[in-house]
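In: Provided below for reference: sequence and predicted model.
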Amino acid sequence: MSAQAPAGGRTATHTHFRRFDRADRLLHGFLMFSFLGLAFTGLPLLFSHEPWAATLARFFGGFTSAGVIHRICALVMITVFTIHLSRIFRRLFGQKDLGILWGPNSMVPQPRDFFEMVAHLRWFVGLGPQPRFDHFTYWEKFDYWAVFWGMGIIGGSGLVLWFPESFAHVLPGWMFNVATVIHGEEALLAVGFIFTIHFFNGHLRPEKFPMDSVIFTGRVTVKEMEEERPDEYERLKHTGRIDEFASAAAPPWVYRLGRTAGGTAVVFGLLMVALILFGVLR
Amino acid sequence: MTRLPAISCRVVLALVAAASVAAASPQKAAAPKPPSNDDCLACHGDAGAARADGRSVAVLPDTFAGSIHGMGGLACVDCHADLATLTEYPHAEKLQPAQCATCHDKAVAAYDTGVHAQARRTGGNLVAAMCADCHGSHDILPSSEPSSRTHHARLLDTCGRCHGNEEIIKRGKIEIGNVVDLFRDSIHGKALIKSGLSVAPACTDCHGSHDIRRKTDPASKVFRNTIPGTCSHCHEGIGREYWESVHGTQVAKGSPLAPVCSSCHTAHDIRRSDVEGWKLEVIKECGTCHEHSLETYRDTFHGQVTALGYARVASCASCHGAHNVFPKADARSTVSDAKRVATCQKCHEGATPSFAQFDPHADPENRERNPLLFYTAQFMKMLLLGVFSFFGIHTALWLGRGMQQKAADQLRRRKDKDSTEDGE
C-alpha cells in the first residue's frame, strides 16, 4: 500500500506494524475453529425441535458422534484458554510487565474506554469527531472479556454436565438444571455475539469490508495505524519505540490463508445465525 | 390353552347338529320324500353344471364328502331346506339362503349382534361378510384343520379377502382402511406369518369371531376400556402390572382419558418396544395428557436428545416405568423418594442422593419449584437482551455512519483526482 517512509527514518520495507505475535494468531486460529465446532455440534441440541437440527446432527454422524466432536473441540478450547492464561501469568510474574494491568497495552477497562465509547457514539450520529483510539478500543476489550467470561462460564457449566456423577459429590443435583440453562443461554449469547457483532466490528463494517486480516497476519499497514489508532501511533513516535514494532508485509501465503480461514468462518457463522433466527422467529 | 374352549364348543355344536338332524327325520315322514344327496349330485355333481347365465353351480362330490358336513352325513336339504318339499326338476334358480341357524343357532345369534350383520341390516351394506364368506360353503372344514379358512394361521387371508382389498374397503366404507397391511409388519403379524407361532394372535383373538363388534360398542372386545382385558389374555403379567398402575385403576373406574394398551402400542401395527422410532413416538403420546411435563422435559438434555431423534437417553418410561406408572407420592413409584436414586442408577451408575436432586422436569418459570433456576434464567434473559440491544444499536449506527463516511471519502478522492488532472 503506502510505501512512503513515515517519520522515524525507517526504510521502505517497513510498511507495516506488528500487532499480534505468532502465538496470539495461532491461539486465535485454534479458538476460532474449536468455537465453530462447538457451535455446530451444540446448537442442534438447543434447537432440537427445529427440522434443521436433526439434519445437522446426522451430518456429524448422529448425536453420539456429534457429542464426541463437541468434547474434542471443548478440550482444544480449554487448552487455548490455559495457554493464554499462562502467557498472561508469565508476562505478569515472569517479566514483571505491569503494563498488562493498566495503561494502553492492558485489556483492563479504563476510564478512557468509557469516554471513547461515548465519543464514538456521538460520532455515529454526527455530534462530534471520531475519537482517537490507542492500542485496544473499548469494543475490542468488550469482545475479549465477553469471550473470557464466556469460556469460563460455558466451559465450567459444560464440565459439570460432562461429568455429572463426579460433580454431584460437591454440587446438589438441581445445579445440573442451572448448568443446562447457563450452558445453553450463554452459548446462544456467544454464538450470536461472535457471528454478528464481532464479525461486524472486526470484518464487515464499511471501513474493513469484507475482512480485516490482522488477526491472521499479525500486521497492520502504516496507513491503518495512522487512521485507526492515531494515539498509539503518536505515542510510539514520541517514546521512540516505533522501530520495535515496524515490520514488512506478511508473506502472501499468510494473507491467502487468512482470507480462506476468515472467509470460511464468516460464511459458516452467518449460516448458523440464519438457522438460529429461523428457529427463534418461527 | 386359549384354543381349547373354542374346539369343545365346536364339538358340542356338531353333536347338536347331528341330534337335530336325527330328530327332524321322523317329523318329515308324512311329507313327500325329500331329494337325496345322490339326487342333487346327479346334476350338481357335474363339474360343468351352470345356471343360464353361466355361473357354476357345481358341487364336486369329493369336496362335499371331505367337508365336515359331508363327513357328518348331512343331507343337502338340511341346509337348503326349501328344496326338501320339491318334486319338480330342475328347480328354480333363486333359492333361500342356506339356513346355518338350524344347527348353529348360537353362532348365528352371536353374528346377528356383530358389526357385519349390523352393516347388512342397517346400512344396506351388502359386502359385509356372512357365514359362507368366512367359512366357505360346501367345503367347510373345522377350524382345527390347517387347511380350513378359519384355521388360526389362515385367518389373516380370510379376513383379508375384504379387509385387505382396497375395492371392498371402499365399497364397504371400512373406516380403518387396509388393516391387513398394517398388521402384516407388526410384531404380532411377523410372529404369526413368518414364525408361524400358534400363540401369536390372529384377528379373532382380539376381535372375537362371530360377535365382532365396533370398537365404540361397550360390549366389544376392543372397546377402549376393555382392551387391557383383551390383551391380558396373553400378556397376563403385564396386565396385572397395568391394572395396579395409576392408569389401570383409572381405566377400571371408566376413565375415558387414561391410556389403554393401544394408546401407546397402537392396534394393528404394534412394534417391538425396543424400536427407536416407537420409543420416540410414545414420548409424544404421554405428552397428549401430560403436556407441561413434556414441555419441561424438552428443556433438559434428555428431552433435547430424544427430540433430535435418538432414543439412547431417558424417555418417560425410563424413569416412570411403562405399565407400572404411579404418582410420585406413591411408594411403589419408580420416581418416589425411596426409589429415585436406584432409578437414576439404571443409566448413571454413580448416581447418589445428591445427584438425584436433579429435576428432570425443571421449569425455569416456576420460582417456587426451582428458585435458583428461575433467577438464573431471568439473569441470562436480561444479559442477552442487554448485550444484543446495546450492540444491535451500536452496530446499526456504526454501519450507517461508516457507509456515509466511505461515500464521502470516495467523493473527495474523485474530486482530488479531477483537480490534479485539471492542473496538469
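Out: That came through, no problem. Numbers count the residues shown, from 1 in each chain, chains lettered A, B, ... in the order given.
In: only C-alpha atoms for contact and neighbour calcs from this point on.
Out: Fine.
In: so how far is the longest helix seen in chain B off the chain centroid?
Out: Identified as the longest helix of chain B according to DSSP state H is helix B:371-423. Counting by Cα atoms, centre = their mean, to the nearest Å, helix B:371-423 is centred 61 Å from the centre of its parent chain.
In: what do you get for stretch B:306-321?
Out: On Cα atoms, centre = their mean, the centre of stretch B:306-321 falls 23 Å from the chain's centre.
In: list the buried residues for stretch A:67-80?
Out: A:Gly67, A:Ile69, A:His70, A:Arg71, A:Cys73, A:Ala74, A:Val76, A:Met77, A:Ile78, A:Val80 (16 or more other Cα atoms under 10 Å in any protein chain shown).
In: show me what the longest helix of chain B is packed against.
Out: Here helix B:371-423 touches helix A:111-124, helix A:174-192, going by 3 or more Cα pairs under 8 Å, 6 or more residues apart in numbering or on different chains; DSSP states H and E.
In: low-confidence ranges in the stretch 301-424 of chain B?
Out: B:421-424 (pLDDT under 70).
In: give the contact list for the residue located most distally from the centre of chain A.
Out: Taking Cα atoms, centre = their mean, the residue of chain A most remote from its mean C-alpha position is A:His169, at 35.0 Å. The contact partners of A:His169, by Cα atoms under 8 Å, 6 or more residues apart in numbering or on different chains, come to B:Thr352, B:Ser354, B:Phe355.
In: doesn't it fall inside a helix?
Out: No: looking at A:His169 with DSSP: H, G, I helix; E, B strand; the rest coil, it is coil, so not inside a helix.
In: measure it to B:Lys279 for me?
Out: 32 Å (Cα to Cα, to the nearest Å).
In: just to revisit the earlier point, can you lay out the helices and strands packed on helix B:371-423 as TSV showing mean neighbour count and distance to chain B?
Out: Output for these, formatted as TSV (neighbours: other Cα atoms under 10 Å in any protein chain shown; distance: least, Cα to the nearest Cα, whole Å):
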stretch	mean neighbour count	distance to chain B
helix A:111-124	16	5
helix A:174-192	22	4
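In: what segments of the stretch 51-200 of chain A are strands?
Out: Using DSSP state E, counting those that start in this stretch, no strands are assigned anywhere in the stretch 51-200 of chain A.
In: give me every residue in it lying close to chain B.
Out: A:53-54, A:57, A:63, A:121, A:123-125, A:164-165, A:168-169, A:171-178, A:180-182, A:185-186, A:189, A:193, A:197, A:200 (Cα under 8 Å from any Cα of the partner chain).
In: one more pass at 6 Å, please.
Out: A:Ala54, A:Phe124, A:Glu165, A:Ala168, A:Pro172, A:Gly173, A:Trp174, A:Val178, A:Leu189 (Cα under 6 Å from any Cα of the partner chain).
In: how about the nearest residue to the fifth one, chain neighbours excluded?
Out: In space, and not counting its chain neighbours, A:Pro172 is closest to B:Ser354: 5.1 Å by Cα to Cα, 6 or more residues apart in numbering or on different chains.
In: how many neighbours does that neighbour have?
Out: 17 (other Cα atoms under 10 Å in any protein chain shown).
In: same check on the one 5 residues further on?
Out: B:Asp359 is flanked by 18 other residues according to other Cα under 10 Å.
In: can you pull the contacts of it?
Out: Residues counted as contacts of B:Asp359 (Cα atoms under 6 Å, 6 or more residues apart in numbering or on different chains) are A:Trp174.
In: can you tell me the SS state at it?
Out: coil.
In: same deal with A:Val220?
Out: Going by three-state DSSP: A:Val220 is strand.
In: hmm, it is touching A:His16, no?
Out: Yes: contact criterion Cα atoms under 6 Å: A:Val220 and A:His16 qualify, at 5.5 Å.
In: okay, and residue 272 sits in which element?
Out: Defaulting to chain A. Here A:Met272, judged by DSSP states H and E, is contained in helix A:252-281.
In: from the buried residues of stretch A:67-80, which is closest to B:Ile187?
Out: Nearest to B:Ile187 among these is A:Gly67, at 33.1 Å by Cα to Cα.
In: ok, and the closest non-adjacent residue to the closest one?
Out: A:Thr41 (7.0 Å).
In: tell me if that neighbour really is in a strand.
Out: No: read with three-state DSSP, A:Thr41 is helix and lies in no strand.
In: please report the number of neighbouring residues for it.
Out: Neighbours around A:Thr41, by other Cα under 10 Å: 26.
In: state the distance from it to A:Phe63.
Out: Taking Cα to Cα, one finds A:Thr41 at 9 Å from A:Phe63.
In: restricting to C-alpha, output the host helix or strand of B:Cys231 in PDB.
Out: Assigned by DSSP H and E, B:Cys231 belongs to helix B:227-232. Written as PDB, here are the backbone C-alpha positions of helix B:227-232 (Å, rounded to 0.1, in the frame of the first residue of the first chain):
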ATOM      1  CA  ILE B 227     -58.700 -53.500  25.600                       C
ATOM      2  CA  PRO B 228     -56.400 -54.100  28.600                       C
ATOM      3  CA  GLY B 229     -58.500 -57.100  29.500                       C
ATOM      4  CA  THR B 230     -58.400 -58.500  25.900                       C
ATOM      5  CA  CYS B 231     -54.600 -58.000  25.700                       C
ATOM      6  CA  SER B 232     -54.200 -59.600  29.200                       C
END
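In: what about B:Ala362, neighbour count?
Out: B:Ala362: 21 neighbours (other Cα under 10 Å).
In: about what we covered before: next up, the contacts around the residue nearest to A:Pro172.
Out: Neighbours of B:Ser354 in contact, by Cα under 6 Å, 6+ apart: A:Ala168, A:Pro172, A:Gly173.
In: hang on, the first one packs against B:Phe355?
Out: Going back to what we said before, that points to A:Ala168. Yes: with contact taken as Cα under 6 Å, A:Ala168 and B:Phe355 are classed as touching, separated by 5.0 Å.
In: compare these two (neighbour count), which wins?
Out: B:Phe355 (26 against 23).
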